[in-house]
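[1] Next one to model:
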Amino acid sequence: MGCSKCGRPGVIFQGYSGLHLCMQHFKEDFLHKAKKTVRQHHWLVPEAQIAVALSGGPASCALLDFMRTIVGERKDIRLVAVTMKNNRPYALENAKKIVEASGIPWYIFPKNSETIPQGERPGPTLRSPFPAHASIESQLILMAGALKIDTLALGYTLETHAEWVIRNAILGDSVRKSGCTPNVRPPVQVIRPFMHIPVKETGLYTQLFLNGQDERVETEGKDHPGDPVSLLLAQLYSRHPAIPYALVNIGEQVKKFRGRGLS
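    This next block holds a predicted model:
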């Protein structure tokens, strides 16, 4: 199908918007959504020290490219990449390629939770809303702090955030577990610029605009394919593709109410 905006060959159909987009308009839409999220949360500020968590998967590679794009030539913002060493050589090779192309400083750390002293593990204000990633995220936060970084950018996508909202609703957990307690800024702030972008689109962005990425690296965001909640949501999304956006927006509104003391 032709692009809904210009008629050129489409590269993606967005079920939630009803649009077919060509390569150019897909990129514009992708960057617009991520920039809007950063702007709404005031995540890009002068003198910021930002570390991008780079696993080498599609979402993390797209995130590094996006952060490099919005930081540009600003001298008042420091941007680095941090990677937990893993057993996926293709992912590490992807990370190496994109870092070398960008010229951004890159730090690799061994993946070993025992290297973090018990007394230094993040407390409630740094609790990850994504249990499957909590251990690695905790290590990345501590390593960012060791590098004098005040902001850690993570490539969590739309589906992961929507699942978090559902799981909290099922378990009756408070949205205070979203990474920080209301009105309390943690030593390392965690930001998630892709929270309104589907995982499929981060993969396509990487494939189209980041040449040389190894396609054998699996798409991020599918950590529990057999989990009942994940299966339920996948079936729901296939019939109603706009639902993940609605869930994420609900979660954001609830966090605002919590911050105003309305809970």
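[2] tell me how far the helix or strand containing Gly251 is from the chain's mean position?
    Using DSSP states H and E, Gly251 sits in helix 243-259. In terms of Cα atoms, centre = their mean, to the nearest Å, the centre of helix 243-259 is found 17 Å from the chain centre.
[3] can you check stretch 241-251 too?
    Counting by Cα atoms, centre = their mean, stretch 241-251 is centred 16 Å from the centre of its parent chain.
[4] now do stretch 84-96
    From the chain centre to the centre of stretch 84-96 is a distance of 18 Å (Cα atoms, centre = their mean).
[5] Tell me the buried residues in it?
    Met84, Arg88, Ala91, Leu92, Glu93, Asn94, Ala95, Lys96 (16 or more other Cβ atoms under 10 Å). C-betas here are computed from N, CA, C, even on glycine.
[6] cool, stretch 94-103 as well?
    For stretch 94-103, a neighbour-count test (16+ other Cβ under 10 Å) marks Asn94, Ala95, Lys96, Lys97, Ile98, Val99, Ser102 as buried.
[7] same question, stretch 241-251
    By neighbour count, with 16+ other Cβ under 10 Å as the criterion, the buried positions of stretch 241-251 are Pro241, Pro244, Tyr245, Leu247, Val248, Gly251.
[8] now the first one, what's its secondary structure?
    In this case it means Pro241. Look at Pro241: counting by DSSP: H, G, I helix; E, B strand; the rest coil, its state is coil.
[9] check contacts around it.
    Pro241 makes contact with Gln14, Gly15, Tyr16, according to Cβ atoms under 8 Å, 6 or more residues apart in numbering.
[10] which one of the buried residues of stretch 84-96 sits closest to Tyr205?
    Asn94 (13.6 Å; Cβ to Cβ).
[11] so Trp243 touches Gln235, yeah?
    For residue 243 the amino acid is Ile, not Trp. No. Checked against Cβ atoms under 8 Å, the pair Ile243 and Gln235 is beyond contact range at 10.9 Å.
[12] got CSV for the buried residues of stretch 241-251, with distance to Gln207 and pLDDT too?
    Listed next are the buried residues of stretch 241-251 as CSV, based on distance: Cβ to Cβ, whole Å; pLDDT from 0 to 100:
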residue, distance to Gln207, pLDDT
Pro241, 20, 81
Pro244, 21, 85
Tyr245, 23, 85
Leu247, 26, 85
Val248, 24, 89
Gly251, 29, 83
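[13] how about those residues in TSV, adding distance to Gln189?
    Below are the buried residues of stretch 241-251 laid out as TSV (distance: Cβ to Cβ, whole Å):
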residue	distance to Gln189
Pro241	31
Pro244	24
Tyr245	24
Leu247	23
Val248	19
Gly251	18
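[14] tell me the SS of the residue at minimal distance from the centre of the chain?
    By Cα atoms, centre = their mean, the chain has its centre lying nearest to Gly155, at 2.1 Å. Assigned by three-state DSSP, the conformation of Gly155 is coil.
[15] Can you tell me the SS state at the residue lying closest to it once chain neighbours are set aside?
    Spatial nearest neighbour of Gly155, excluding adjacent residues (Cβ to Cβ, 6 or more residues apart in numbering): Ala59 at 3.7 Å. Following three-state DSSP, the label given to Ala59 is helix.
[16] for the one 3 residues further on, same thing?
    In terms of secondary structure, Ala62 is helix; the call rests on three-state DSSP.
[17] Much appreciated, bye for now.
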